[in-house]
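Engineer: No letters, just coordinates:
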Ligand code: FES
C-alpha cells in the first residue's frame with residue numbers, strides 16, 4: 001500500500017503505508033510535509049486538507065457530513081476533490097495519490 005504526496009510545488013514523496021492507518025497519520029509518521037493534523041484525526045482542525053486524484057476518490061470511501069462541513073474551514077479553499085486526509089484509511093493493496101495545499105493553518 002503506497003501513498004504518493006505531491007506538494008503544491010510539485011515535489012513528490014511516495015511512502016509505504018500501513019493498512020488501517022490514515023493518509024494523515026502516514027504523512028506524519030514518515031515526515032512528509034504539507035499535512036499538519038493538529039487534532040490527531042478527530043475532525044476538528046481541518047489542517048489535514050488534501051486534494052485527491054480521481055482514482056483515490058473512488059477508493060477513499062464516502063465523505064461524512066461533518067467532514068463536508070469542516071472542509072468549509074480549510075486554510076486554502078476547498079475544491080471538488082478536497083478531503084480530510086485523516087478520514088481516508090488505507091486498504092491493503094491500494095495505491096493512493098494526494099496533493100497537499102500551499103498552507104494548512
Ligand atoms: Fe484534524 Fe483531520 S487531523 S481534521
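Structural biologist: Yes, it's here. Note that the structure is a prediction, hence the values are computed from the model and not measured.

Engineer: tell me the contacts of residue 17?
Structural biologist: 1-3, 23, 26, 90, 96 (C-beta atoms under 8 Å, 6 or more residues apart in numbering). Yep, even glycine has a C-beta here, placed from its N, CA and C like the rest.

Engineer: Flag every residue of this protein that's near the ligand.
Structural biologist: Within the chain, the positions adjacent to the ligand are 24, 37-39, 41, 43-48, 70, 84, 86 by C-beta under 6 Å from any ligand atom.

Engineer: For the residues you listed, pick the one with the most neighbours.
Structural biologist: residue 48 (30 neighbours; other C-beta atoms under 10 Å).

Engineer: can I assume that residue is in contact with residue 24?
Structural biologist: Yes - counting by C-beta atoms under 8 Å, residue 48 does reach residue 24; the two are 4.1 Å apart.

Engineer: Mind listing the shared neighbours of those two?
Structural biologist: By C-beta under 8 Å, 6+ apart, the residues touching both residue 48 and residue 24 are 35, 37, 41, 84-86.

Engineer: out of the contacts of residue 17, who has the most neighbours?
Structural biologist: That'd be residue 23 among those, by other C-beta under 10 Å, with 27 neighbours.

Engineer: follow-up on the earlier one: in CSV, list the shared contacts of residue 48 and residue 24 along with pLDDT.
Structural biologist: As requested, the shared contacts of residue 48 and residue 24 are arranged in CSV below (pLDDT from 0 to 100):
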residue, pLDDT
35, 98
37, 98
41, 98
84, 98
85, 98
86, 98
